[in-house]
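# Below are the sequence and a predicted model for it; my questions follow.
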Amino acid sequence: MSNVYIIGAGEAKYGELWDRSLREIAVEAGLKAVESAGIRTKDLGAIYMGNSLGGDISMQEHLSALMSDHAGIASEYVPSIRVETSTASGASAFREACLGIRSGEFDIAMVGGAEKMTELYGNEMIDITSSIIDREWEAFTGATPAALAALSARRYMSDFNVQKDVLAQISVNDHANASLNENAHFRNRITIDQALGATPIAEPLNLMDCAPLSDGASSLILASEKYVREHGVEGVRVMGSAMSQGAFALHSRESLYTVEPTRIASEKALKQAGLSLKDISMVEIHDSYSIYGLMALEDLGFAKKGKARELIENGIGLTGNLPVNPSGGLKAKGFPYGASGVGQIVEAYYQLKNKAGKRQIKDVKYAMTHSQAGSGAASVVHILGVE
Amino acid sequence: MGELSRMWREMPSRYRMEGRRCENCKRVYFPPRDICPVCHRESIGRMTPVDIAGNGEIVSYTIVHETPPAFIRQKPYVLAIILLEEGPMITGQVVDCELEDVKIGKKVRSVFRRISEDGKSGVIHYGYKFVLDK
Ligand SMILES: [Zn+2]
């Protein structure tokens, strides 16, 4: 089976882009990726589009075809498909594209992730985003994505005697890194005190524990080993790609702060890559809520359960022991649901190619990305590297 | 939206907490399941209705300030995960209490209440909430 390489990346800025449509930002990211890969759109064997809520927010389905047409490539008749696994849609689209190339069916694929989150207003969006949790048995009772994260947080803090300042450090780190990322939604640094004093959303979580609703689009071009050899392209290799899915509702899980699919996907991806966690130079984690950042670091294996605090104390900044979310993470780079999973891999690509500018981490050899669906129904983990 | 047919379909579970028991392993499920995730095919056709008493304890809780439109008039409200004495955990609101009295481990019992103001079809939803056991 063919190895898979990333040979190009492109992004539209994340943020509140009231003057831009879903198709505009998706096309911008896609064409930038094509440009950076040095390919022609006629070379594309397939297009995979990650999008979570387009049907509800923009009342637009089949985004893969819409974007492809709007990019002016309908005349190439490339197969395209939208992939949906709620907040992990982008990472799932990337994984499907990898599997497509590995199958030998085609040599080049485009992966896109796009979401337009600011089309509707606050309370209405809470209702719509609640479709990523169990509508009938969670949202029906008044649960929201933030409330479920808060339920995990309360129990975690109680069982491990962890205070809110530990959670806040995930957000503070995200904002510090995003201040160096011109595509980020928020480019302001925040202090621990600001993070602790924000408006409550679902106690114990406040506004600074919660990733924002962002518009945004990210895109990558993938190629087979054959293509990379024949064209002398230096790509970033996809060394591990794993997905796992478990119980849907939070109340159906044995532990309120363990996402078993994350643990399983991490183990599988590392095994495929032939690496251990010690080899990983940086990680992009799915911290849609600060508590999920702690849980991800533990479930991925970087810290024992309840011990993420120690890992954070040892440094998660760009020069720390384990740099976390150099992009700015979901909290500060922004959280366009279907785009984030692709955006994390775009960041890993830039870091591995030594093209991350002011936020470049030294000597990045292997990078891990982690995307989570909803409150933890599924997780997708990728390991990327340069050889 | 099919909201009316959904509401009708879910009435036994929402109104009197009807769950399911797997007659193969005797585990109780609420919300109801058609297949036991432990016994798989052995449970097919052997998931019988069982009434949940509604007694349990708080496993975790949150005070919700930002809500969907149908819950705005109730905010802030306490949402909790309850471990039922029959075994399953469920999500539900804890009402009629002072916020500071809600704690992990507190015993609760279910009550029948209005859940949300109105859905898209103008329907008022009723179902279970919880109160602290005095
Ligand atoms: Zn059973």
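Here it is on my side, so go on.

# Spell out which residues of chain B are next to the ion.
B:22, B:24-25, B:36, B:38-39, B:43 (Cβ under 5 Å from the ion). (Each C-beta comes from the backbone N, C-alpha and C, glycine too.)

# Tell me how many other residues surround B:Ala53.
Using other Cβ atoms under 10 Å in any protein chain shown, B:Ala53 has 11 neighbouring residues.

# what are the phi and psi values for A:Glu284?
phi -100, psi 120 (degrees, to the nearest 10).

# For it, which non-adjacent residue is spatially closest?
Using Cβ to Cβ, 6 or more residues apart in numbering or on different chains and skipping residues adjacent in sequence, the residue nearest A:Glu284 is A:Gln344, 3.8 Å away.

# Which parts of the stretch 251-387 of chain A are helices?
Counting by DSSP state H, counting those that start in this stretch, the stretch 251-387 of chain A has these helices, from start to end: A:260-273, A:290-300, A:308-313, A:337-352.

# measure the residue nearest to A:Glu284 to the ion for me?
The gap separating A:Gln344 from the ion is 39 Å, by Cβ to the ion, to the nearest Å.

# Return the residues in contact with A:Glu203.
Contact analysis of A:Glu203 by Cβ atoms under 8 Å, 6 or more residues apart in numbering or on different chains lists A:150, B:62-63, B:65.

# So which residues on chain B come close to chain A?
With Cβ under 8 Å from any Cβ of the partner chain as the criterion, chain B comes near chain A at residues B:6, B:10, B:31, B:59-72, B:74, B:77, B:79-81, B:88-93, B:104, B:115-116, B:125, B:127, B:129.

# Tell me which stretches of chain B form helices.
Here chain B has its helices, by DSSP state H, at B:3-16.

# Please pull out the lowest mean pLDDT helix or strand from chain B.
Every helix and strand of chain B was ranked by mean pLDDT, DSSP states H and E. The lowest is helix B:3-16, at a mean of 79.

# low pLDDT regions in chain B?
By pLDDT under 70, the weakly predicted segments of chain B are B:1-3, B:118-121.

# Strands along that one, start to end?
B:18-22, B:28-29, B:47-51, B:55-64, B:77-84, B:89-94, B:107-116, B:125-132 (DSSP state E).

# any chance of those in TSV, plus mean neighbour count and distance to A:Asn177?
As requested, those are exported to TSV (neighbours: other Cβ atoms under 10 Å in any protein chain shown; distance: least, Cβ to Cβ, whole Å):
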stretch	mean neighbour count	distance to A:Asn177
strand B:18-22	21	47
strand B:28-29	19	44
strand B:47-51	14	49
strand B:55-64	22	28
strand B:77-84	24	32
strand B:89-94	24	34
strand B:107-116	17	39
strand B:125-132	20	42
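
# So what sits opposite A:Ser219 in the bridge?
Under DSSP bridges, the beta-bridge partners of A:Ser219 are A:Gly10, A:Gly112.

# May I have the residues that are in contact with it?
Listed by Cβ under 8 Å, 6+ apart, the contact partners of A:Ser219 are A:9-11, A:26, A:29-30, A:32-33, A:110-113, A:342, A:346.

# before we move on, what about A:Ala33?
By Cβ under 8 Å, 6+ apart, the contact list for A:Ala33 reads A:8-10, A:110, A:112, A:219-221.

# Alpha carbons only: can I get the host helix or strand of it in PDB?
Here A:Ala33 sits within helix A:22-37, counting by DSSP states H and E. Output of helix A:22-37 as PDB, limited to C-alpha atoms (Å, rounded to 0.1, in the frame of the first residue of the first chain):
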ATOM      1  CA  LEU A  22     -19.200  29.500   3.300                       C
ATOM      2  CA  ARG A  23     -18.300  28.800  -0.300                       C
ATOM      3  CA  GLU A  24     -16.000  31.800  -0.600                       C
ATOM      4  CA  ILE A  25     -13.800  30.700   2.400                       C
ATOM      5  CA  ALA A  26     -13.800  27.100   1.400                       C
ATOM      6  CA  VAL A  27     -12.700  27.900  -2.100                       C
ATOM      7  CA  GLU A  28     -10.000  30.300  -0.900                       C
ATOM      8  CA  ALA A  29      -8.400  27.600   1.300                       C
ATOM      9  CA  GLY A  30      -8.700  25.000  -1.400                       C
ATOM     10  CA  LEU A  31      -7.100  27.100  -4.200                       C
ATOM     11  CA  LYS A  32      -4.300  28.200  -1.900                       C
ATOM     12  CA  ALA A  33      -3.600  24.600  -1.100                       C
ATOM     13  CA  VAL A  34      -3.500  23.700  -4.800                       C
ATOM     14  CA  GLU A  35      -1.200  26.600  -5.500                       C
ATOM     15  CA  SER A  36       1.200  25.600  -2.600                       C
ATOM     16  CA  ALA A  37       1.300  22.000  -3.800                       C
END
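
# so it versus helix A:337-352, what angle?
Between helix A:22-37 and helix A:337-352, the angle comes out at 20 degrees (axes from the mean of the first three to the mean of the last three Cα atoms, to 10 degrees).

# Pull up the pairing partners for the very next helix or strand once past helix A:22-37, direction included.
Scanning forward in sequence from helix A:22-37 by DSSP H and E, the next helix or strand is strand A:46-50. Sheet partners assigned to strand A:46-50 using DSSP bridges are listed as strand A:80-83 (parallel), strand A:108-115 (parallel).

# Need the mean per-residue confidence for the first one.
Per-residue confidence for strand A:80-83 averages out to 98 on the pLDDT scale.

# Over to stretch A:209-223?
98.

# So which bits of it are buried?
Buried residues in stretch A:209-223, defined by neighbour count with 16 or more other Cβ atoms under 10 Å in any protein chain shown: A:209-223.

# Nearest to chain B among the residues you listed?
Nearest to chain B, judged by Cβ to the nearest Cβ, of the buried residues of stretch A:209-223 is A:Cys210 at 8.8 Å.

# so that closest one makes contact with A:Thr199?
No. The criterion here is Cβ atoms under 8 Å, and A:Cys210 misses it with A:Thr199 at 10.1 Å.

# near chain B, which residues of the stretch 151-300 of chain A?
Within the stretch 151-300 of chain A, the positions near chain B by Cβ under 8 Å from any Cβ are A:151-155, A:158, A:199-205, A:249-252, A:256.

# Okay, and which of those map to helices?
Going by DSSP H, the helices hold A:151-155, A:158 from these.

# Close to chain B: what parts of the stretch 1-150 of chain A are there?
With Cβ under 8 Å from any Cβ as the criterion, the stretch 1-150 of chain A meets chain B at residues A:122-124, A:126-127, A:130, A:136-144, A:146-147, A:150.

# Contact partners for B:Gln93?
Contacts of B:Gln93 by Cβ under 8 Å, 6+ apart are A:141-142, B:74, B:77-80, B:129-130.

# Now with 6 Å, please.
A:142, B:77, B:79, B:129 (Cβ atoms under 6 Å, 6 or more residues apart in numbering or on different chains).

# I'd like to know which of those is nearest to A:Ala273.
Distance to A:Ala273, by Cβ to Cβ, is smallest for B:Leu79 among the contacts of B:Gln93, at 39.9 Å.
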